[in-house]
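Novice: Okay, here's the prediction I keep looking at, along with the sequence it came from:
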Amino acid sequence: MLGLSRSFSVILLGTVLAFNLMVEMARLRSPSLNAMVIKLWGPLMRSCETHRFSGTPYYIASSIIAIGIFPKPIAVLSIAFLAVGDPLASLFGVMWGDKSVRFSNGKSLIGTAAGVIACAAVGLVFLQIMNSSNWLSLTQNEILGVAILGGFAGGGAELLPMEVDDNFAIPVVSGFVLWLCFMVMRF
């Protein structure tokens, strides 16, 4: 949304991904480097990521796909779903997930619901801003419908019955759902 071209953005993120993959592979092969990385970034990492890839390469790869495939507003919104919805889903799941129903993949209903609500709220605000700045021309009912469907796609993407990191699934799944919503509304 800052005026960068699609190709420049993909190349820039591709470079960041290549660097990140080199660091990830190096730290997983070198216990001393891994200890250094964990000391620096450990508070932001999940315990299971200390001896396997972190979520970062999945995050960057899904951002590349979103930017490369989807129209700019959809790419930005699907990445925003990941940036806001996933951490809130995780926070609510960690804090109150034990008081909730658990799905077969270990995710909790309360965490998923928090992700859905967060994504819908982000979608509502983003679409209102895009509409008022003339990037889009949607009715209030269309904005509400897209925000709700996008919220369910963004928050529910982690429940897909596949072994896909949610950092990868959220932007890709929500981007396709948002794109489909816009195509259906315009026909």
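Specialist: That came through fine.

Novice: Low-confidence bits of this structure, can you list those?
Specialist: The chain contains residues with pLDDT under 70 at 1, 187.

Novice: show me the contacts for the residue sitting furthest away from the middle of it.
Specialist: The centre of the chain is farthest from one residue, residue 32, which by CA atoms, centre = their mean lies 30.9 Å away. For residue 32, the contact set (CB atoms under 8 Å, 6 or more residues apart in numbering) is empty. In this view, the C-beta of every residue, glycine as well, is placed from N, C-alpha and C.

Novice: so which strand or helix has it?
Specialist: For residue 32, the enclosing helix or strand under DSSP states H and E is helix 31-41.

Novice: got the angle between the helix or strand just after that helix and helix 31-41?
Specialist: On the C-terminal side of helix 31-41, the nearest following helix or strand under DSSP H and E is helix 56-69. Per axes from the mean of the first three to the mean of the last three CA atoms, to 10 degrees, the angle that helix 56-69 makes with helix 31-41 is 70 degrees.

Novice: So which elements touch the following helix or strand past helix 56-69?
Specialist: Reading on from helix 56-69 to the C-terminus, the next helix or strand found by DSSP H and E is helix 72-80. When contacts are defined as 3 or more CB pairs under 8 Å, 6 or more residues apart in numbering; DSSP states H and E, helix 72-80 sits against helix 56-69, helix 109-132, helix 166-185.

Novice: Would you mark the buried spots in the first one?
Specialist: Taking 16 or more other CB atoms under 10 Å as the basis for neighbour counts, the residues of helix 56-69 that come out buried are 56-67.

Novice: Pull the most distant pair out of the residues you listed.
Specialist: 56 and 67 (16.5 Å; CB to CB).

Novice: The residue most central in space within the chain in helix, strand or coil?
Specialist: Centre of the chain computed as the mean C-alpha position; nearest residue by CA atoms, centre = their mean is residue 82, 2.2 Å away. Under DSSP: H, G, I helix; E, B strand; the rest coil, residue 82 falls in the helix class.
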